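**Q** Fold the following and give me the result.
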Amino acid sequence: MAFEMLLGMEILNDEGYSNYRREMTPILTSYQGKFGYDFKVSEVLISEENPAMNRVFTLTFVDKAHCDAMFSDPAYLAVKKKHFVGAVGKITRIASYEK
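**A** Sure thing, here's the model as predicted:
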């Protein structure tokens, strides 16, 4: 069984976010994680938390432990600090579930 998250984000800087994704993807892969779906959203009709959301995607891991480990990895945190902060506004975890 896999662990998956459905996330929405407000991307403020496309170039900064692209740099983040490029540098974090090898770390994600090392934790047996991957992006499943990825959408640029032009209009949000209903949102409980984040009406400025313009990106929606899934992240899939073999289990929740791998997910938690990746997001606390010092290498990941360094990439996040370098590129994510300033490139992303509000983050919304729409759902997380075992698949």
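**Q** Show me which helix runs longest in this protein.
**A** In the chain, assigned by DSSP state H, the helix with the most residues is helix 14-30.
**Q** Just give me the neighbour total for the closest residue to V88 other than its chain neighbours.
**A** Spatially, and ignoring its direct neighbours in sequence, V88 is nearest to M9 (5.4 Å; C-beta to C-beta, 6 or more residues apart in numbering). For glycine as for every other residue, the C-beta is placed from the backbone atoms N, C-alpha and C. Close neighbours of M9, defined as other C-beta atoms under 10 Å, add up to 21.
**Q** tell me which element M9 falls in.
**A** strand 3-11 (DSSP states H and E).
**Q** returning to what we had before: just the CA coordinates of the longest helix of the chain, formatted as PDB?
**A** Taking C-alpha atoms only, helix 14-30 is exported to PDB below (Å, rounded to 0.1, in the frame of the first residue of the first chain):
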ATOM      1  CA  ASP A  14       7.600  30.200 -11.200                       C
ATOM      2  CA  GLU A  15      11.300  30.300 -11.700                       C
ATOM      3  CA  GLY A  16      12.000  29.900  -8.000                       C
ATOM      4  CA  TYR A  17       9.500  27.100  -7.700                       C
ATOM      5  CA  SER A  18      11.000  25.300 -10.800                       C
ATOM      6  CA  ASN A  19      14.500  25.500  -9.200                       C
ATOM      7  CA  TYR A  20      13.000  24.000  -6.000                       C
ATOM      8  CA  ARG A  21      11.400  21.100  -7.900                       C
ATOM      9  CA  ARG A  22      14.600  20.400  -9.900                       C
ATOM     10  CA  GLU A  23      16.700  20.300  -6.800                       C
ATOM     11  CA  MET A  24      14.300  18.400  -4.500                       C
ATOM     12  CA  THR A  25      13.300  15.700  -7.000                       C
ATOM     13  CA  PRO A  26      16.400  13.600  -6.500                       C
ATOM     14  CA  ILE A  27      15.900  13.700  -2.800                       C
ATOM     15  CA  LEU A  28      12.200  12.800  -3.300                       C
ATOM     16  CA  THR A  29      13.300   9.800  -5.500                       C
ATOM     17  CA  SER A  30      15.800   8.700  -2.900                       C
END
